[in-house]
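In: mind folding the following:
(3 chains)
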Amino acid sequence: MKPIRLLLAGVLIGLVAAPLPAMAQKKKNVLNLFCWSEYVPQEVIDGFTKETGIKVNVVNYASNEEMLAKLLAGGSKYDLVQPSEYTIEALVKAGKLEELNLANIPNIKNLDPKFTKMPHDPDGKYSVTWMAGTVGIVVNTAKVKTPITGYKDVFDGTHKRRIVVLNDAREIVSWALNSLGLPINEITAENLDKAKPLLKEWLPQVKVYDSDSPKTALLNGDVDLGIVWSGEAAILYKKDKKFAFVLPKEGAHQFIDSLAIPKGAPNKENAEKFINYILKPEVSKLVSEAFPYTNPNLEARKLLSKADQENPASYPPGEPKLETFKDIGKAAKDIDKLVTDLKGK
Amino acid sequence: MALVNWLCGGWTALVFAFLYVPIILLMVYSFNKADMGIAWTGFTFAWYEKLWKTQPLLDALKNSVIIAGITTVLSVILGTLGAWMLYRYRFPWRKALSTLVFIPMVIPEVIMGVSLLIFFTLVSGPLNAWLATFSEAEWGLGYSTVIIAHTTFCFPFVLVAIQARLAGVDPCLEEAAMDLGAPPLKAFWLVMVPYLLPAIISGALMAFTLSLDEYIVTLFTTGPESQTLTLKVFGMAKKGLDPSLNAISTVFVLATALFVVLSEGVRRINR
Amino acid sequence: MLATTGVAETTGGSRRPGWFGWLMMAPMLLWLVAFVVVPTGILLVYSFCQRDDLGEIVYSFSWENYRRIFFDSDTGKFGTTYFTVFIRSIVYAGLTTVICLVVGYPVAWFIGRAPESRRNLLLMLVMIPFWTSFLVRTYAWIMILSNNGLLNSGLEYARLISEPFEMLYTPGAVVLGLVYSYLPFLILPVYGSVEKLDNSLVEAAFDLGAGPVRTFQEVIVPLTQPGIVAGILLVFIPALGMFAITQLMGGGIKPTIGEVIQNQFLQARDWPFGAALGMTIVVLFAVVFWFASRKQEPA
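Out: Now for the predicted structure:
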């Protein structure tokens, strides 16, 4: 019996002791970073800690809504989040972001002026652009010999069940709206009704819905075409130049991911220090190399390798038709319903 | 009868092959030079090196194991007690309780995660106010909340496994022990627990496994310092699961396999 | 004689709990109340609310969410896509359970009848594959099954096929993935019952002239029935809500109820509707379970 008693005692002590680390969250010099997974390479974090002595706790999320859900339900106190543009708009409207003390962020001068004071944050008071990107078409040119210039080409019926698309109802609906020449941010019942027949035609041609790693299906040869994030396309292009990237001529979504500080963040100054650190060209370059989206930091871009600078997915040539998403509030559920209904049939 | 056993043995071997094929594959690919895809480009230990240097991954593994371990212990305690009490006693709302136990299993994970998060947030306000009166400590999302969440949906598995074993048990077992003068607790401990042990082990294995792999509930109830390996892995899916994840899985599997073999060996020596 | 038992009514004890009994039950009761009843209550409240523009809750009572589940918003008729989605999940879960049962029972039998020293080892061997990370495991399957994957490459190399055989992103792949994930959850509970099977009963059946099939049907199955029922429950119920596998191995083409609910929280930001869907499932389950265990009560 004795060993068992000891074991039980040990267990009980363990039970009592285990929560204690969670309880002793005293004022340490920390930064609680809530960010897109792998968007912030480990070397960047290590570099920051080395330079400032601030310990960084990284918590990841894989979608804006996950982050929003946790923030709204009243999760832990995070110091930095990385919302996309339409989420920032919603957060600003609801007063959930802290105003930035720009005096603490002198490196902001490194940013391409195109990426400051954007529609979702007109005075640039709440956010600093981290990375931009687009949603476009990846073509496996070894398998697809016909020219692909836009959504209609993808879904013309000759590539049935050889397509991967993002598992994102809003994106999908925006492609349909773009094809019809309708504004992608006006999600009204009539616009959705107009999009419905087009989507009905398109969706059965999709083989895979994947927002997390659509490149997998393309790499594995299970699909030949994809409508994916430009970062994924850039990675594919780096692997094998047969994966061409095309921005649809009907219009594409340009997303802007930024850093912002949630209201009530306990370590606001540390957060601003981090933002400033990221804006250093050498640091920003590391981020780009890990995740080849469009880097808004002009000084950093100069430091990239030639191959990276010429990656068409990261830095699309010409003047493509791009648009950001606006916050659509309640209409999000109508979009979800539409796509779910169509998929479900 | 022997033939049947042989057939079952052969079948079991096939099933084990089925279970282990992806595992062997992922172990092999932890040595692949390429960082993604099927093509084999060369043998390397680089990913293991990278793993060793990636502190957050190792921390996450440590967190996962600790959380799973404590969850298992709590689940076994709750599950065993629960199954035993449901079996032994009759009381008015016994059926309702039986049904209630299944709720954590039925409820979609995202709902469980969100509802627990809301619950914890509601509770943390008054709780921290009370704590503030006598100490500096602050309670927030972290180990405790994740463990509570995991235990809540793991213990029904243990309970069900033990209930199955209790069904049709000879009620005289316990009576006999008590007739011989043992107080109820001792009777339970010395007679029922050994009898239930195979089911307890089954339940414990299930609880441990469930806790290790749990994503959604953990996502909502975790704090910044209690990241689990599963959270990190799911997070990395966007960039591409590089073989350092294969490496960490390999390391863990081999470590547990080694542990099992060693404890078998120790047991045999002790005989 | 032998009590034919389901899971809910393990007959045996018939006394009312004394103070000791209540004390032992207290932990589970308190736990259930605090971490199951209360949060479920919160969700119940949410399910009658609506969402505002940001996605936060507006506390105003309305049946809207439930109406949307049962009645098509466009036509007003009874029956919606949510029905189809739910039935699909049930079919997948049911198929998975049946296959796991057929595949897993012999394994549980073998382990249960193995020499005592080997049993725990075998059990652990069953579980260890699942201590690798879920995503890494699933991607390993994707590597095996995809068009350029190992299976197809192997078959092409052996000249058995000339073109890749579409295995991935099909319902078959989904079932494969589900069976793979849930097999242990059938083997383990069944093992619990098999292990205590009295060999002399089986031998007696043989002595009386019954062949293996008959023995299995009329002796072994009834005696291991509690384990079988437990295994079925522990596979079917979780499999209902599972969607990661349908997304990863099935391509996410046909949504399952788990995915739809998740979407409400993570894409549509319509928590009340998600809560309503969840509540519906819980209530449905509770009703079915209540009646099913009632039927077995008079043993």
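In: quick check: A:Asn101 vs chain C, distance?
Out: For A:Asn101, the distance to chain C equals 25 Å [C-beta to the nearest C-beta, to the nearest Å]. Heads up, the C-betas are built off the backbone N, CA and C, glycines and all.
In: pLDDT below threshold where in the chain?
Out: Assuming you mean chain A. A:1-28, A:38, A:74-76, A:345 (pLDDT under 70).
In: let me rephrase: I mean chain C.
Out: C:1-14, C:17, C:54-55, C:295-299.
In: chain A contacts on that one?
Out: By the criterion of C-beta under 8 Å from any C-beta of the partner chain, the positions of chain C lying close to chain A are C:51-56, C:73, C:81, C:84-85, C:139, C:142-143, C:146-149, C:164, C:168-169, C:247, C:251-255, C:260, C:263-271, C:273.
In: can you do 7 Å?
Out: Counting by C-beta under 7 Å from any C-beta of the partner chain, the residues of chain C close to chain A are C:51, C:53-56, C:81, C:84-85, C:142, C:146-149, C:168-169, C:251-255, C:260, C:263, C:265-270, C:273.
In: nearest spatial neighbour of residue 228, chain-adjacent residues omitted?
Out: The chain I'm using is chain A. A:Pro214 (4.4 Å; C-beta to C-beta, 6 or more residues apart in numbering or on different chains).
In: other chain: chain C
Out: That would be C:Val190: by C-beta to C-beta, 6+ apart, it lies 6.0 Å from C:Ile228.
In: quick one: classify that neighbour as helix, strand or coil.
Out: Classification of C:Val190 using DSSP: H, G, I helix; E, B strand; the rest coil returns helix.
In: what's the burial count for it?
Out: For C:Val190, the count of nearby residues is 32 (other C-beta atoms under 10 Å in any protein chain shown).
In: what separation do you get for C:Glu64 and chain B?
Out: From C:Glu64 to chain B the distance is 18 Å (C-beta to the nearest C-beta).
In: number of nearby residues for the nearest residue to that residue once chain neighbours are set aside?
Out: Nearest residue to C:Glu64, sequence neighbours excluded (C-beta to C-beta, 6+ apart): C:Gln50, at 6.7 Å. Other residues within reach of C:Gln50, judged by other C-beta under 10 Å, total 18.
In: in stretch B:121-130, what counts as buried?
Out: Buried residues in stretch B:121-130, counted by 16 or more other C-beta atoms under 10 Å in any protein chain shown: B:Ser124.
In: CA atoms only: put that stretch into CSV for me.
Out: Output of stretch B:121-130 as CSV, limited to C-alpha atoms (Å, rounded to 0.1, in the frame of the first residue of the first chain):
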residue,chain,number,x,y,z
THR,B,121,-13.4,34.7,-18.1
LEU,B,122,-16.6,35.2,-16.0
VAL,B,123,-15.0,33.5,-13.1
SER,B,124,-11.6,35.1,-13.3
GLY,B,125,-13.0,38.5,-12.4
PRO,B,126,-14.3,37.7,-8.9
LEU,B,127,-11.6,35.2,-8.3
ASN,B,128,-8.8,37.6,-9.0
ALA,B,129,-10.5,40.3,-6.9
TRP,B,130,-10.6,37.9,-4.0
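In: list of residues touching it?
Out: Residues from elsewhere that reach stretch B:121-130, judged by C-beta atoms under 7 Å, 6 or more residues apart in numbering or on different chains: A:73-74, B:138-140.
In: what mean pLDDT does it get?
Out: The average pLDDT for stretch B:121-130 rounds to 84.
In: sec struct for the residue in the stretch 101-250 of chain A that chain B sits nearest to, please.
Out: Using C-beta to the nearest C-beta, A:Asp212 is the residue of the stretch 101-250 of chain A that sits closest to chain B, at 4.5 Å. Assigned with three-state DSSP, A:Asp212 falls in the coil class.
In: can you tell me how far the closest residue in space to A:Glu99 that isn't next to it in sequence is from A:Ile45?
Out: Using C-beta to C-beta, 6+ apart and skipping residues adjacent in sequence, the residue nearest A:Glu99 is A:Lys125, 5.0 Å away. A:Lys125 is 26 Å from A:Ile45, where distance means C-beta to C-beta, to the nearest Å.
In: more crowded one of those two?
Out: Neighbours per residue, other C-beta under 10 Å: of A:Lys125 and A:Ile45, the larger number sits with A:Ile45, 19 against 13.
In: which residues are in contact with the more buried one?
Out: A:56, A:58.
In: secondary structure element for it?
Out: Per DSSP states H and E: A:Ile45 is located in helix A:42-52.
In: A:Asp222 now?
Out: Applying DSSP H and E, one finds A:Asp222 in no helix or strand.
In: just give me the neighbour total for it.
Out: By other C-beta under 10 Å, neighbour count at A:Asp222 equals 25.
In: C:Phe273 now?
Out: 28.
In: that one and B:Ile111: what is the separation?
Out: 12 Å.
In: C:Gly79: what's it in contact with?
Out: Contacts of C:Gly79 (C-beta under 7 Å, 6+ apart): C:Asp72.
In: kindly apply the preceding question to B:Ile200 instead.
Out: B:76, B:80, B:162.
In: in TSV, list those residues along with distance to B:Thr230, neighbour count and pLDDT.
Out: Formatted as TSV, the contacts of B:Ile200 follow (distance: C-beta to C-beta, whole Å; neighbours: other C-beta atoms under 10 Å in any protein chain shown; pLDDT from 0 to 100):
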residue	distance to B:Thr230	neighbour count	pLDDT
B:Val76	21	23	94
B:Thr80	26	25	90
B:Ile162	26	30	92
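In: how about residue 119, nearest residue that isn't a chain neighbour?
Out: I went with chain A, as the question did not name one. A:Thr324 (6.4 Å).
In: looking at chain B here, not the other one
Out: Per C-beta to C-beta, 6+ apart, closest to B:Phe119 is C:Pro39, 4.7 Å.
In: I'd guessed that neighbour sits against B:Gly113; true?
Out: No: taking contacts as C-beta atoms under 7 Å, C:Pro39 lies outside contact range of B:Gly113: 9.8 Å.
In: list the contacts of C:Tyr92.
Out: C:174-175, C:178, C:239, C:256.
In: now do 10 Å
Out: C:171, C:174-175, C:178, C:239-240, C:242-243, C:245-246, C:250, C:254, C:256 (C-beta atoms under 10 Å, 6 or more residues apart in numbering or on different chains).
In: so which residues on the stretch 151-300 of chain A come close to chain B?
Out: A:210-216, A:219-221, A:229, A:231-232, A:235, A:239-240, A:290-291 (C-beta under 10 Å from any C-beta of the partner chain).
In: can you pull the contacts of the residue nearest to A:Glu99?
Out: Counted by C-beta under 10 Å, 6+ apart, A:Lys125 has contacts A:92, A:97-100, A:102, A:117.
In: and the helices in the stretch 51-200 of chain A, which stretches?
Out: A:64-72, A:85-93, A:151-154, A:169-179, A:189-202 (DSSP state H, counting those that start in this stretch).
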